[in-house]
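Novice: Here's my sequence, what's the structure:
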Amino acid sequence: MTLDRRAALRCLGLTVGAALVARASACSTTSTSPRPSRPSSPAQGRPTPSGRSTPSPTPEATTTPTVPSTEGLPVAVHDAVIGALLPGPDAVPSHAGLLEHDLVLYADRGGAPVAVLPGRNFLRAPTVVAAATTTGEWTLVLTPARKTLPSVAGPSRAPAQTAAWARTSDLPTMQPTAASVTVRVAEQSMTITTTQGQRRHEVGVGQDSTPTPTGVSGYLQARYVDPAQALAPGAIQLTSLHATAADEPYTGTDGGLIAIHANPNPRGRASHGCIRVRTDAVAELDALPLGTPIVVLP
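Specialist: Sure thing, here's the model as predicted:
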């Protein structure tokens, strides 16, 4: 049984706490924590100081922006299926940042909200948001959720990456992505590009029946160490990409997350979609900031 299959079987039905302590596998976990609410608007004006004989000036009239209600909206996390999301664009993410609050997502610029990207991820850390393109008041961001399940999509294949529009003013401080990861499935290679140059590594990829998705770009969304994985030392790098076949890797058996993780023999087409690397490659990936784009080529 492969590392990916054993990992996926272990992950089914577990809570986030158990997954991070002992059962997390080659690829992700679910979140049981509530979404943090959006910060409230600052109060207008100031209270009158005690003992003052004259009233304080009347505050000037202000216009408070209308904040759409997020009540009842689906949460765009790794195991969510949200049909209103857009397929991932051809553009590679150019900027990334850490959310400070929930981010409202739209299928159309100026339309009704369709989902929420939570301010905290399943590790209870700030969620990474990656932007593909900005057109004035609107920015197209990538999400870790799925648009449809591979078992439902059939031969047309489910999108490996999803996207949605967000108001540019709702985004946190965004930094340009100065590094990138490029995987070439046919070559079974991974190139890490930074400002210091490029490093190429041999990798293992998905089997023909459970392929690593190609012709798509995503981003590194999270990483964590699983002490229970003797065959995968170092941090497991979770991407925003999903398998396009109705199989693992994580969580479960229908289009799980694609991860990059260590394996003692990474070469070959042997995984359930994940990308297997040696430990030295894991160390280099650890040095990259979350939000770094990953491009998977045929």
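
Novice: Any stretches of the stretch 101-250 of the chain with poor pLDDT?
Specialist: By pLDDT under 70, the weakly predicted segments of the stretch 101-250 of the chain are 230-232, 247-250.

Novice: which residues in it form helices?
Specialist: Taking DSSP state H, counting those that start in this stretch as the criterion, the stretch 101-250 of the chain carries its helices at 150-153.

Novice: buried stuff in the longest strand that the chain contains?
Specialist: Using DSSP state E, we find that the single longest strand of the chain is strand 216-225. Within strand 216-225, the residues that count as buried by 16 or more other CB atoms under 10 Å are 216-224. In this view, the C-beta of every residue, glycine as well, is placed from N, C-alpha and C.

Novice: Count residues in the vicinity of residue 213, would you?
Specialist: For residue 213, the count of nearby residues is 23 (other CB atoms under 10 Å).

Novice: next one: residue 74
Specialist: 16.

Novice: give the contact list for the closest residue to residue 93 other than its chain neighbours.
Specialist: Once flanking residues are discounted, residue 93 sits nearest to residue 130: 3.9 Å by CB to CB, 6 or more residues apart in numbering. For residue 130, the contacting residues are 93, 95-96, 141-142, 177, 218-219, 240, 291, 293, by CB atoms under 8 Å, 6 or more residues apart in numbering.

Novice: same deal with residue 289?
Specialist: 96, 175, 179.

Novice: buried subset of these?
Specialist: 96, 179.

Novice: Most neighbours of all the contacts of residue 130, which one?
Specialist: Tallying neighbours with other CB under 10 Å puts residue 142 at the head of those, with 32 neighbours.

Novice: Tell me the one of the contacts of residue 289 nearest residue 193?
Specialist: Sorting the contacts of residue 289 by distance to residue 193 puts residue 179 at the head of the list, at 6.2 Å, by CB to CB.

Novice: So in terms of bridging, what pairs with the residue nearest to residue 93?
Specialist: residue 96 (DSSP bridges).

Novice: ok, it to residue 277 distance?
Specialist: Note on residue 130: its distance to residue 277, by CB to CB, to the nearest Å, is 21 Å.

Novice: go on, residue 165?
Specialist: 34 Å.

Novice: Compare those two and say which is more crowded by neighbours.
Specialist: residue 277 (25 against 22).

Novice: wait, what's in contact with the more buried one?
Specialist: Per CB under 8 Å, 6+ apart, neighbours of residue 277: 190, 201-204, 260-263, 266, 285.

Novice: Which of those are buried? Put it as a PyMOL command.
Specialist: Buried subset of those, written as a PyMOL selection, criterion 16+ other CB under 10 Å:
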select buried, resi 190+201+203+204+260+261+262+263+266+285
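
Novice: what's the closest non-adjacent residue to residue 202?
Specialist: Closest to residue 202 by CB to CB, 6+ apart is residue 267, at 5.6 Å.

Novice: if we can go back for a sec, closest to residue 183 among the contacts of residue 130?
Specialist: residue 218 (10.7 Å).

Novice: The closest one touches residue 293, doesn't it?
Specialist: Yes. With contact defined as CB atoms under 8 Å, residue 218 counts as touching residue 293 (7.3 Å).

Novice: between these two, what contacts are shared?
Specialist: What both residue 218 and residue 293 touch, as defined by CB under 8 Å, 6+ apart, is the set 93, 130.

Novice: would CSV of the buried residues of strand 216-225 with distance to residue 126 be doable?
Specialist: What follows is these, written out as CSV (distance: CB to CB, whole Å):
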residue, distance to residue 126
216, 25
217, 22
218, 18
219, 14
220, 14
221, 11
222, 10
223, 14
224, 14
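
Novice: which one of those sits closest to residue 70?
Specialist: Among the buried residues of strand 216-225, and counting by CB to CB, the member closest to residue 70 is residue 221, at 20.7 Å.

Novice: Relative to residue 207, how far out is that closest one?
Specialist: In terms of CB to CB, residue 221 sits 24 Å off from residue 207.

Novice: Same check on residue 140?
Specialist: For residue 140 relative to residue 207 (CB to CB), the value is 33 Å.

Novice: And residue 156, by the same measure?
Specialist: 20 Å.

Novice: Out of the two, name the residue with the larger neighbour count.
Specialist: Neighbours per residue, other CB under 10 Å: of residue 156 and residue 207, the larger number sits with residue 207, 18 against 10.
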